[in-house]
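Asker: Coordinates for the following, if possible.
(one chain, ligands or ions: 2)
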Amino acid sequence: MNFSLASMINSVSAPVLELQNLHVSAEGSPILRGVNLVVGEGEVHALMGPNGAGKSTLANVVMGHPGYVVTEGTILYRGQDVASWSPDERARQGIFLAFQYPESISGVSVIQFLRQAIAARKGLDELSVLEVRLDLAEWMDRLGMDAAFAERHLNEGFSGGERKRNEVLQMALLEPALALLDETDSGLDIDALRVVANGVRTVRAELPAMGVLVVTHYVKLLEEIAPDQVHVLIDGRVVTSGGPEIAERIEREGYDALRPALA
Ligand code: ADP
Ligand code: MG
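Answerer: Residues are numbered from 1 along each chain as shown. Ligands and ions are numbered 1, 2, ... in the order given. Prediction:
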């Protein structure tokens, strides 16, 4: 291990996430075209934008998804350039990406899945089932979940709300420094939205330094989560950033009103 003084100072004072002039391509096509974004410790930022704007690409590239290529610019996580870090390394360092689940993973229970995820994050080969159960029981209680949920098979027959609970539970147990929540564009019912909003609030109360970037096009979710800042991504660029009034404006006028802001 070589911790230089500079990198230690950096990691305590730097923002959790800083994107500098980020350009990203997939399969040779440019998707992100110069994104600048800073999420400080303990802050919640929302990333909004129409379908195809590049929101999921942004979340995926921060996590190190191999399908996306950074062609220009930098991703700094707590002041460190993550370019050479594998997705696993990013997860171990405390970057978490949720809401990107396969439909179901048959035969794996919620607790088995969590045990593997925690072992990977904490760099342990084997984590005692008991230890996970204690943590798990505490968090399920806090999140208002039934204890039997842990034994259910992952995502099999889960309602939208249960799926979200599982994701929030994973976030709580992994204790990330940076949580990226990529809400899918397909219909989320109001119950599922509340689960996400309440879950984020509960986890933040326990991990106040966690930075959160919520990707969504649901204004309703933002009303519940109350982000510190809202950014609007259109055609791979952040066209405007500001307070909750931006979300309200989008609800009133749609994204088209913001398009002319593009150069
Ligand atoms: P959003 O999440 O805002 O709806 P995405 O990031 O999913 O947008 O996609 C942005 C654009 O990039 C879309 O045109 C999409 O087709 C394209 N794209 C996303 N991922 C890939 C990929 N792996 N390969 C090729 N094109 C992609
Ligand atoms: Mg998306």
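
Asker: Could you tell me which residues of the stretch 51-200 of the chain lie near ligand 2?
Answerer: 55-56 (CB under 5 Å from the ion). Any C-beta I mention is one placed from the backbone N, CA and C, and that applies to glycine too.

Asker: need the helices for the stretch 51-200 of the chain, in chain order.
Answerer: Here the stretch 51-200 of the chain has its helices, by DSSP state H, counting those that start in this stretch, at 55-63, 87-92, 110-122, 129-142, 160-174, 190-206.

Asker: Nearest residue to L193 in space, ignoring adjacent ones along the chain?
Answerer: L221 (5.1 Å; CB to CB, 6 or more residues apart in numbering).

Asker: and the one you found, what helix or strand is that in?
Answerer: helix 219-225 (DSSP states H and E).

Asker: now what about that helix, what contacts it?
Answerer: With contacts defined as CB atoms under 8 Å, 6 or more residues apart in numbering, helix 219-225 is touched by 44, 46, 48, 183, 188, 190, 193-194, 196-198, 200-201, 214, 216, 230, 244, 247-248, 250-251.

Asker: and the residue nearest to L193, how many neighbours does it have?
Answerer: Number of residues near L221 (other CB atoms under 10 Å) recorded here: 24.

Asker: middle-most residue in this protein, spatially?
Answerer: Closest to where the C-alpha atoms of the chain average out (CA atoms, centre = their mean) is L180, at 1.1 Å.

Asker: So that one versus D189, what's the distance?
Answerer: From L180 across to D189, the span is 22 Å (CB to CB, to the nearest Å).

Asker: hmm, back to that, I figured the residue nearest to the centre of the chain hits A91, correct?
Answerer: No: L180 is beyond contact range of A91, at 11.2 Å (criterion: CB atoms under 8 Å).

Asker: okay, and for this protein, where does confidence drop off?
Answerer: Residues of the chain that meet the criterion pLDDT under 70 lie in 1-12, 99-106, 123-129, 184-188, 260-263.

Asker: what does it have sitting close to ligand 1?
Answerer: 26-27, 29, 31, 49, 51-57, 67 (CB under 6 Å from any ligand atom).

Asker: Most neighbours among those, please name it.
Answerer: Busiest of these [other CB under 10 Å] is G54, holding 26 neighbours.

Asker: mind listing what it touches?
Answerer: Going by CB under 8 Å, 6+ apart, G54 touches 24, 31-32, 233, 235-236.

Asker: Tell me the most packed of these, by neighbour count.
Answerer: When neighbours are counted by other CB under 10 Å, L32 leads the contacts of G54 with 28 neighbours.

Asker: In a helix, that residue, correct?
Answerer: No: going by DSSP: H, G, I helix; E, B strand; the rest coil, the assignment for L32 is strand, not a helix.
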